[in-house]
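In: A predicted structure for the sequence below; I have some questions about it.
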Amino acid sequence: YLALLAWRSRSGQVLRRGGLALALGIGLSAYFWLPALAERDLVHSDRLLVPPIFTWHTNFITPGELLAPPRAEDPSLLNPSPPRALGLVPAALSLPGFVSLGLKAIQGRQRARRPALQPSAFPHGSSPMELGHWSLGFFLLALLAYGFMTLPASAPVWRLLPPLELVQFPWRLLGPAALCAAVLIGASVAALERALPARFTLAPAPVVIVLIAAANLSWWYPRYCAPQAQATLADMLAFEQASGTLGTTAKGEYLPRAVAAMPADEALAQAIRRGEEPVRLQVAVGEADLTVRDARDPLDAAFTVEAGTTATLVYRQFLYPGWRVLVDGAPATLTPTPATGLIQFTLPPGEHAVRVVFGATPLRTAATAVSAVSLATLVLGAASLRRRSVDGGQWTADSAASLRAFGHWALSIENGDLLLLSALLLALKLGVIDR
């Protein structure tokens with residue numbers, strides 16, 4: 001979209017500013033995506049794509065589902081699954097936007113044949129209420145592309161582009177498709193406002209809002225399972241053991257590669273069930289006495305170990321980059337236990353202060369630094385623009401003209417009506433649907 005805007009405006013400045021905005025967005029989120037991508041091969045990420053549930057080729061939807069009409073709400077259902085659909089109503093509401101696109105194309109050709117009668121109030125020639133037909137065309141094509149990618153007919157595209165398999169479920173593309181539909185629905189509202197008589201120009205927006213809300217009542221009031229009186233760590237542990245759903249994973253996909261089997265030792269689980277703080281450090285080989293100094297935080301625990309012989313100790317957490325064991329202040333060599341992948345290290349005879357801590361890695365520190373620099377650049381850039389607006393100049397004159405025209409446009413909308421409509425919809429939910 002940025003490339004389209006730059007091409008249509010014939011402005012390298014648009015490309016530079018838009019590219020900078022994209023780069024800042026990527027940089028701000030680097031603390032998350034950079035370690036996630038770089039460390040992907042350190043976990044069982046292959047389990048993310050286990051058939052039949054977690055594969056793209058088993059999760060297409062049909063055209064009937066894509067354009068599903070509003071379904072009747074059944075209050076007797078417990079926690080019904082909402083439909084995976086763009087929806088017939090949003091698609092229909094986008095149609096005036098399609099028509100507007102065609103009209104804009106025709107008007108654009110006619111305008112190109114004659115000189116402009118008056119200059120636009122906006123420096124770049126477009127008002128906040130109108131998208132150029134090129135922009136509408138972009139969102140229309142994007143909507144069609146996203147919708148197509150949810151259907152079985154798109155399977156050759158998924159095979160041609162292997163990175164798409166990380167999306168897992170083609171219906172996830174309904175999210176960006178809905179964004180494109182929202183833009184087109186906004187264009188539909190603008191087109192209807194221009195086409196209707198003056199006394200009805202405020203009607204399209206409220207009507208569209210009501211139609212969209214009414215067509216999606218199943219999202220208004222999902223039925224929740226009854227909450228437990230008090231969820232404890234023991235309850236969570238019992239659920240994980242019964243379901244095999246470990247932590248935030250479904251198939252153990254975030255377990256380290258060294259973990260081939262879950263530990264059979266139940267001592268940790270039994271301590272949690274009793275409500276006790278488990279002792280995660282244990283002697284695996286040799287003779288040693290353990291004294292817990294501070295184990296309240298399993299990510300930063302301290303012990304005193306008196307080893308009578310060379311001893312191998314195991315800390316019952318999975319070994320993963322970021323874990324360190326400090327023995328008398330010096331880092332110890334860590335190895336994973338066979339099959340289970342727990343933290344294992346060796347101590348020489350004698351008394352030792354042992355600290356087990358999980359912290360940042362050079363990669364995660366660098367990713368966080370990229371995000372911090374991006375944030376600082378964003379703040380300093382905003383401050384610089386503010387100073388330029390105070391000091392004056394061409395940018396200030398253009399911005400002032402834009403803000404004045406935008407203010408006139410905003411004040412022409414009866415925002416009170418839309419706020420009242422929002423309040424009525426909320427009252428309808430609380431007073432009628434919830435009952």
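Out: Perfect, I can see it now.

In: Ignoring the adjacent residues along the chain, who's closest to residue 166?
Out: Residue nearest to residue 166 in three dimensions, not counting chain neighbours: residue 48, with 7.4 Å by Cβ to Cβ, 6 or more residues apart in numbering. Placement of C-beta: from N, CA and C, glycine included.

In: That neighbour reaches residue 54, doesn't it?
Out: Yes: here residue 48 lies in contact with residue 54, judged by Cβ atoms under 8 Å, at a distance of 6.1 Å.

In: between those two, what contacts are shared?
Out: 168, 251 (Cβ atoms under 8 Å, 6 or more residues apart in numbering).

In: I'd like the average pLDDT over stretch 355-364.
Out: For stretch 355-364, the mean pLDDT works out to 96.

In: Now that stretch - C-alpha only, CSV.
Out: Extracted C-alpha coordinates of stretch 355-364, given in CSV (Å, rounded to 0.1, in the frame of the first residue of the first chain):
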residue,chain,number,x,y,z
ARG,A,355,22.8,-19.9,42.3
VAL,A,356,20.5,-21.0,39.5
VAL,A,357,19.2,-18.0,37.4
PHE,A,358,17.4,-17.5,34.1
GLY,A,359,18.2,-14.3,32.3
ALA,A,360,18.7,-12.6,29.0
THR,A,361,21.0,-13.9,26.2
PRO,A,362,23.0,-11.7,23.8
LEU,A,363,20.4,-12.2,21.1
ARG,A,364,17.5,-11.2,23.4
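
In: Which residues does that stretch contact?
Out: Against stretch 355-364 from outside (Cβ under 8 Å, 6+ apart): 31, 34-35, 38-39, 280-281, 299-303, 315, 317, 321-326, 343, 368.

In: residues near the residue nearest to residue 166, how many?
Out: Neighbour count of residue 48, defined by other Cβ atoms under 10 Å: 18.

In: For it, which residues are in contact?
Out: Counting by Cβ under 8 Å, 6+ apart, residue 48 makes contact with 54, 166, 168, 251, 253.

In: Is the last one in contact with residue 47, as I believe?
Out: Yes: taking contacts as Cβ under 8 Å, residue 253 lies within contact range of residue 47: 4.0 Å.

In: Give me the buried entries from the contacts of stretch 355-364.
Out: Buried residues within these, counting neighbours by 16 or more other Cβ atoms under 10 Å: 31, 34-35, 39, 280-281, 301-303, 315, 317, 321, 323, 325, 343, 368.

In: Let me see the contact set for residue 164.
Out: 56, 157, 158.

In: could you give the mean pLDDT of the one helix or strand the last one maps to?
Out: With elements taken from DSSP states H and E, the one containing residue 158 is helix 155-160. When the per-residue pLDDT values of helix 155-160 are averaged, the result is 96.

In: immediately after it, which helix or strand?
Out: Heading C-terminal from helix 155-160 (DSSP H and E), you reach helix 174-195.

In: how about the helix or strand just after that next one: buried residues?
Out: Following helix 174-195 in sequence order, the next helix or strand is helix 204-214 (DSSP H and E). Buried positions in helix 204-214, judged by neighbour count with 16+ other Cβ under 10 Å: 204, 205, 206, 208, 209, 211, 213.

In: Where does the prediction get shaky in the protein?
Out: Where the chain drops to pLDDT under 70, the residues are 72-81, 101-132, 218-229, 386-417, 433-435.

In: how far does stretch 315-327 sit from the chain's center?
Out: 30 Å (Cα atoms, centre = their mean, to the nearest Å).
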